[in-house]
Structure formats: structure tokens, C-alpha cells
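Student: Below are the sequence and a predicted model for it; my questions follow.
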Amino acid sequence: EQWESVWDLPLQPLVAKDRNPEQRVICVEGDSAFGFSGMEVETICRYNLPIILLVVNNNGIYQGVDAGTWKEMLNFGETATVAPPLSLLPNSHYEQVMTAFGGKGYFVQTPEELQKSLRQSLADTTQPSLINIMIEPQATRKAQDFHWLTRSNI
């Protein structure tokens, strides 16, 4: 099942916590989606839900820019006038939102760091966690074999 936010979650995390305390609920979202729902981490931590949030962070909506490009852009004027509207602040540490409320946060930049943090999150059944996964800001989607996987309904 897919859920838009914690409020849309059925009681699955609570049931998992009660009946299968070793089971984790994994939520995968992008950095833009986390921008809309990030404060729901407070709810996750308040109820100590068995959730692992994976935030796939490309510094933007669709695509972002790297920290060097961001810094260079700022030399040309005010952020509001020179930054692309779909760019987000590079390398934002979303994992710190989780740690602010008592969960465990990870900032990862390599496949090895991702593997290690995911293993640790799955093994730690005492608290929720958030893994902030940095990816290439200009990476594009993988071409799909079937056009209906990526076509717009607009």
C-alpha cells in the first residue's frame, strides 16, 4: 500500500509494533515530499512507531543543483531571483528532524553508508529512524519499458 502521510496510515504501524515488534514499516519519499510532511516525524516519535523513513534527496523537485553550483549562483544576486524555483537548499540535513524528536537519523552519501544505516535501522527496534540519502542532483529517471509507467494523466 502507498500512503500520502502518517495521517493516511492505517493502524499498520501500531499493529506491527504490538504483534510483531521486530517488524519495521518502511516509507520511501523524496526530499520535496518530506518538505510537505516532515513534521509528521513528531507523531512517529511521540508514538514510537516502528517506521524507517528513506528520504531520497536530490536537492530539488525533479532535479536540483549541487552545493558548488548553488554557491556560485548566489554570486549573481538574491537567492529568490537567481535560484531555479524547483531547486531546494543543497544537502539539507533532514535526518536532524528525526533526531530532534528522539529518533535516529542518518546522512548517507555512498552505497556502503546506505547499506550500513539500513542494517542498523532494521536491527534497532527501539526507535524510528530516517535515512537521508543523497543522490546526484541532475540524475534523471530511468527509461521505462512501458510508456504508461511515466506518462502524465494531465
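Tutor: Structure received. Numbering: from 1, shown residues only.
Student: Now find how far off-centre stretch 74-92 is within its chain.
Tutor: Taking C-alpha atoms, centre = their mean, to the nearest Å, one finds stretch 74-92 lying 20 Å from the centre of the chain it belongs to.
Student: Same question for stretch 98-118.
Tutor: Counting by C-alpha atoms, centre = their mean, stretch 98-118 comes out at 11 Å from the chain centroid.
Student: contacts for the biggest helix by length in the chain?
Tutor: Determined from DSSP state H, the single longest helix within the chain is helix 111-123. Contact partners of helix 111-123, identified using C-beta atoms under 8 Å, 6 or more residues apart in numbering, comprise Arg24, Ile52, Lys104, Tyr106, Val108, Ser129, Ile131, Ile133. Glycine gets a C-beta too; all of them are placed from N, C-alpha and C.
Student: residue boundaries of the strands in this structure?
Tutor: 25-30, 51-57, 60-61, 63-64, 104-108, 129-134 (DSSP state E).
Student: could these go into CSV alongside distance to Lys71, mean neighbour count and mean pLDDT?
Tutor: What follows is the strands of the chain, written out as CSV (distance: least, C-beta to C-beta, whole Å; neighbours: other C-beta atoms under 10 Å; pLDDT from 0 to 100):
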stretch, distance to Lys71, mean neighbour count, mean pLDDT
strand 25-30, 23, 17, 92
strand 51-57, 18, 25, 94
strand 60-61, 15, 18, 78
strand 63-64, 13, 20, 78
strand 104-108, 19, 20, 98
strand 129-134, 17, 25, 95
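Student: can you put the ones you listed in a markdown table and add distance to Ala123?
Tutor: Formatted as a markdown table, the strands of the chain follow (distance: least, C-beta to C-beta, whole Å):
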| stretch | distance to Ala123 |
| --- | --- |
| strand 25-30 | 14 |
| strand 51-57 | 11 |
| strand 60-61 | 32 |
| strand 63-64 | 31 |
| strand 104-108 | 11 |
| strand 129-134 | 10 |
